[in-house]
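# I would like the atomic coordinates for the input below:
(one chain, ligands or ions: 1)
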Amino acid sequence: MAKSNCGGKRSRPNLPHLYARLRRCSTRQRLAVCCFMSELVNGSPVAAIIDRLAREHMSCPRCASRRFCRHGFASGLQRYRCRDCARTFNGLTGTPLARLRLKHKWLAYCDCLRDAACTVKSAAEKVAVHPNTSFRWRHRFLQWAKLDRPASLQGIAEAEETFLLESEKGKKQLTRAPRKRGGVAGKGGISDQLVNIVVARDRSGATIDFIAGRGVLKASALHTHLLPKLQRDVMLVTDANAAYRAFSRGAGIDHQAVNLRQGVRKRMHGKLAIHVQNVNAYHSRFKSWLRHFNGVATRYLDNYLGWRWAIDMGRIASAEGFLRAALCGFQRPRSLSTTTQR
Ligand SMILES: [Zn+2]
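Numbers count the residues shown, from 1 in each chain. Below is the predicted model of the structure:
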């Protein structure tokens, strides 16, 4: 429901008095007043974006009908009414951003998310929201924006796994003994305390990534996550991990390996260079970026993978672009998800 911000006073303010008070404001406060006045006079740019996307993509969240009409305003947004089932909704209904407040700060927040080194705290300070709000917004904004990936890899596709220590950061009750300052895995080798992330990238730069479970890589995880993303005539290039060999044999995919453990980083196969340097470079960009966050909870890892992917691919060039991706993803129809409302 729309709320009134007038604080109960109905009388109009004395303008000379208002101007005098504005003169006493700092430069930062005056800029904030400019933004506020711009929205007051021109309308909220965020509301305009939401409404534009709604008319382009939206369908009724109950019956998926695209026959709807305008039906007043609520919470600063145009409201619509379905002509078939009579349900009312707005441009945020069914999106991850439904029921989030402070819309006038969303574009500034999206600008923070475009910054590769943006922490929850620094974004909260820049946008002047509570750190808890900053954290909640980060993951809501990434919920659909993280889903963007190419349909398939073609030609020569490199694949390799990397590991991150499993983290229960933010959980009040740990399921294991706490580690000191992040620490190291309690077990040696590749244990189930390590989360296995596979990155695959073809030589055109098309890249996919996925969490392949805990501990050592299994061929079954590759069948589930990698196979649907490979064109039939792809040549898979990996290190000498047996899981890739078993997977390729089972799936009937051409496979070439470099034995990194024996120091072979690159070899020639006819005229083709066999190496995994492109995925290795992606791993190191991902891991060095992740250090800004002092560890991330494993349950949010797919959000960070998608966020890093979007940054690495230069996918989102503006705050508005990020907001669009947060509101309707890149390919996802709006009527598919209504699970994000609280
Ligand atoms: Zn309907």
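# how about the residues of the stretch 201-342 of the chain near the ion?
Within the stretch 201-342 of the chain, no position lies close to the ion (CB under 5 Å from the ion). (Glycine included, C-beta is placed from N, CA and C.)
# shaky segments in the stretch 201-342 of the chain?
Across the stretch 201-342 of the chain, residues meeting the criterion (pLDDT under 70) sit at 330-342.
# can you give me the strands for it?
Counting by DSSP state E, counting those that start in this stretch, one finds strands in the stretch 201-342 of the chain at the ranges 207-214, 235-239, 254-258, 267-269, 272-274.
# quick one: the second one to strand 254-258, angle?
With axes from the mean of the first three to the mean of the last three CA atoms, to 10 degrees applied, the angle from strand 235-239 to strand 254-258 works out at 30 degrees.
# where's the residue nearest to Phe293 when sequence neighbours are not counted relative to Arg308, distance?
Distances taken as CB to CB, 6 or more residues apart in numbering put Thr119 closest to Phe293, at 6.4 Å, once the chain neighbours are dropped. Per CB to CB, to the nearest Å, Thr119 is found 14 Å from Arg308.
# And for His71?
Computed with CB to CB, the distance linking His71 and Arg308 is 40 Å.
# which of these two has more neighbours?
Comparing His71 with Arg308 by other CB atoms under 10 Å, the one with more neighbours is Arg308, at 19 against 15.
# The more buried one against Phe286, yeah?
Yes - look at Arg308 against Phe286 with CB atoms under 8 Å: they come within range, at 5.1 Å.
# Can you say which helix or strand has the nearest residue to Asp209 once chain neighbours are set aside in it?
With CB to CB, 6+ apart as the measure, Val199 is the residue that lies nearest to Asp209, at 4.6 Å, once sequence neighbours are left out. Assignment of secondary structure by DSSP states H and E places Val199 within strand 194-202.
# sorry, back to before: give me the pLDDT for the residue nearest to Asp209.
At Val199, the model reports a pLDDT of 97.
# give me the number of residues near the residue of the stretch 101-250 of the chain found nearest the ion?
Each residue of the stretch 101-250 of the chain has a distance to the ion, by CB to the ion, and the smallest belongs to Trp144, at 21.7 Å. Neighbour count of Trp144, defined by other CB under 10 Å: 22.
# what do you get for Val234?
Residues within reach of Val234, counting by other CB under 10 Å, total 20.
# show me the contacts for the nearest residue to it once chain neighbours are set aside.
Computed as CB to CB, 6+ apart, the closest residue to Val234 that is not its neighbour in sequence is Ala157, at 5.1 Å. Ala157 makes contact with 200-203, 230, 234-237 under the criterion CB atoms under 8 Å, 6 or more residues apart in numbering.
# does Thr133 belong to a helix or a strand, and which?
Take DSSP H and E as the rule and Thr133 turns out to sit in helix 131-145.
# same deal with Ala116?
Counting by DSSP H and E, there is no helix or strand that carries Ala116.
# ok, now which ones touch it?
Counting by CB under 8 Å, 6+ apart, Ala116 touches 289, 292, 311.
# Once you drop chain neighbours, what's closest to the last one?
Leaving aside its sequence neighbours, Ile311 sits nearest to Ala116 (CB to CB, 6+ apart; 5.5 Å).
# Can you give me the pLDDT of that neighbour?
Looking at Ala116, its pLDDT reads 72.
# Ok, Leu22 next?
The score at Leu22 is 90. That number is its pLDDT.
# Ok, Arg83 next?
The predicted structure scores Arg83 at 95 on the pLDDT scale.
# Please apply the same query to Thr133.
Note for Thr133: predicted pLDDT of 96.
# can you pull the contacts of it?
So, once contact is read as CB under 8 Å, 6+ apart, Thr133 ends up touching 102, 124.
# switch the cut-off to 7 Å
By CB atoms under 7 Å, 6 or more residues apart in numbering, the contact list for Thr133 reads Ala124.
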